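> Okay, here's the prediction I keep looking at, along with the sequence it came from:
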Amino acid sequence: MGTSAARNADVLVAGAGVIGLAVAWRAAQRGLSVTVADPAAGSGATNAAAGMLAPVTELAYGETPLLALNVSSARRYPSFVAELEQDSAMTVGYRTCGTLQVAWDGADLAALRDLHAFQLSLGLAAELVTGRELHRLEPGLAVGLPGGVVAAGDHQVDNRLLYAALRAAAAREGVAFAASRVTDLVVTGDRVTGARLDTGEVLGAGAVVLAAGAWSMQVGGLPPDLLPTIRPVKGQTLRLRTTGEPLLRHVLRGSVRGSPVYLVPRADGGIVVGASSEAVGFDLRPRAGAVYELLRDAQALLPAIGEAEIDEISTGLRPATPDNAPLIGRTSLPGLLLATGHYRNGLLLAPVTADTIADLLAGGADQPELAAAAPTRFAATAAAAVAAR
Ligand code: GLY
């Protein structure tokens, strides 16, 4: 699959998760020669994710600058998927089944009403429904849930199928792969001219794109104004298997006694349950307590899930920035671009990230739409933090 790494390429992408591969695919489509370097391609957050494409139900107070970007990427999804499925000759499990955000009790419903008003004030499509209406939409829900919000435009994709398709499409476009980690940037004069791998080999490149998720800032030679802007937030997901009639038709989200949980039903009867949110550094070990809480809360919302088989427990690290918006675009170091920091929205933001970075690599101008994601926005605080060390 793909060719082996070229010693010189137009673009070197550090990181072969969904973001790195989407960037590589789009850049190669524009006629650029691309190498992607990653010692464990696709094994990080891309693998643990559930694949929710959820600008409405992931909306959080204080994160409205991120919203326009999320909405823009959600709109790109149908054509992104159509083109990718054609280029890869694979399907990616894109399902437009909508999302139900359910309230657990009266207090939760009051909070959900406030959130719904906030969603409407931002022009998002979301509908408040009664408990009875919820049960009509999802007969398997626990009895007594008081109501919820239907976000018909919040969709899902099978993150693992999408990843496999990106890998195939990128290879078809001639993207080369190196199973190595980028350890250091190589800077000649005032610009990046390549990178060193953990094998000691140096790959020359006209531009380097850092897309290594939570690990992106561990590359040597970064300008001090980029540090330290990413923190890892561990997420644990479970993959369950059900047989017979589907237990669930929509993506389901809820907060059971304050503990958030989501259930994402796949077309083949699988259900992905997520996700913990743990600030424990680079520790990827699965934790029994997180598994217990996810299953407890999933079963509280959908009792029949107790009969499901457990296929897998996965962990990944969300790359979170100080304002939870990603880092997409040029940096203060010519030749260095960032496509990272996507926190809870990596799958959703892949299309807009890839389109934007590919445009920049092909000589395009910065897009105003991307201002909220400018990698330089933390420059003053990052430089001050480094100076204070
Ligand atoms: N977007 C879901 C999560 O980060 O858990």
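Everything's here; your move. Numbering: from 1, shown residues only.
> Which residue comes closest to the closest residue to the ligand within the stretch 1-150 of the chain once chain neighbours are left out?
Closest residue of the stretch 1-150 of the chain to the ligand, Cβ to the nearest ligand atom: Met52 (5.3 Å). In short, each C-beta sits where N, CA and C put it, glycine included. In space, and not counting its chain neighbours, Met52 is closest to Gln156: 5.5 Å by Cβ to Cβ, 6 or more residues apart in numbering.
> Just give me the neighbour total for the one you found.
Gln156 has 24 neighbours, counted by other Cβ atoms under 10 Å.
> Near the ligand, which residues of the chain are found?
Residues of the chain lying close to the ligand by Cβ under 6 Å from any ligand atom are 52, 58, 235, 274-275, 318, 344.
> picking that back up, who are the neighbours in contact with the residue of the stretch 1-150 of the chain closest to the ligand?
Neighbour list for Met52: 58, 99, 154, 156, 251, 262, 264, 347-348 [criterion: Cβ atoms under 8 Å, 6 or more residues apart in numbering].
> can you tell me which of the residues you listed lies nearest to the ligand?
Closest to the ligand, out of all of the contacts of Met52 and judged by Cβ to the nearest ligand atom, is Glu58, at 5.8 Å.
> related to what we said a few turns ago, want to throw the contacts of Met52 into CSV with distance to Leu166?
Formatted as CSV, the contacts of Met52 follow (distance: Cβ to Cβ, whole Å):
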residue, distance to Leu166
Glu58, 22
Thr99, 24
Asp154, 22
Gln156, 17
Val251, 22
Tyr262, 23
Val264, 19
Leu347, 11
Leu348, 15
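> Show me where the stretch 151-300 of the chain has its helices.
Applying DSSP state H, counting those that start in this stretch to the stretch 151-300 of the chain gives helices spanning 159-172, 288-301.
> so after the last one, what's the next helix or strand?
Past helix 288-301, further along toward the C-terminus, the next helix or strand under DSSP states H and E is strand 309-320.
> Report all helices and strands that that next one contacts.
helix 45-48, strand 231-241 (3 or more Cβ pairs under 8 Å, 6 or more residues apart in numbering; DSSP states H and E).
> Just send these back as CSV, with distance to Pro368 and mean pLDDT too.
Output for these, formatted as CSV (distance: least, Cβ to Cβ, whole Å; pLDDT from 0 to 100):
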stretch, distance to Pro368, mean pLDDT
helix 45-48, 28, 98
strand 231-241, 28, 98
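> any idea which of these is most buried?
Ranked by mean neighbour count, these are led by helix 45-48 with a mean of 24 (mean count of other Cβ atoms under 10 Å).
> starting at the chain centroid, how far to it?
Distance, stretch centre to chain centre, for helix 45-48: 8 Å (Cα atoms, centre = their mean, to the nearest Å).
> hmm, who's touching it?
17-18, 159-160, 163, 213-214, 235-237, 275, 314-319, 346-347.
> Would you mind measuring from Arg389 to the ligand?
30 Å (Cβ to the nearest ligand atom, to the nearest Å).
> Name the residues of stretch 85-92 that are buried.
Within stretch 85-92, the residues that qualify as buried are 85, 87-88, 90, 92, counting by 16 or more other Cβ atoms under 10 Å.
> Likewise for stretch 49-68?
Within stretch 49-68, the residues that count as buried by 16+ other Cβ under 10 Å are 49-59, 63, 66-68.
> Which residues are in contact with Gly31?
For Gly31, the contact set (Cβ under 8 Å, 6+ apart) comprises Ala362.
> same thing but at 10 Å, please
Going by Cβ atoms under 10 Å, 6 or more residues apart in numbering, Gly31 touches 10, 173-174, 362.
> Then Ala385?
Taking Cβ under 10 Å, 6+ apart, one finds 224, 227-229, 378 in contact with Ala385.
> Restricted to buried residues, select those residues in ChimeraX.
Of the contacts of Ala385, the buried ones can be selected in ChimeraX as follows, counting by 16+ other Cβ under 10 Å:
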select :229,378
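> and which of the contacts of Ala385 is nearest the ligand?
Nearest to the ligand among the contacts of Ala385, with distances taken as Cβ to the nearest ligand atom, is Thr229, at 18.4 Å.
> surely that closest one meets Asn324?
No - the pair Thr229 / Asn324 is not scored as a contact, 11.5 Å apart, by Cβ atoms under 10 Å.
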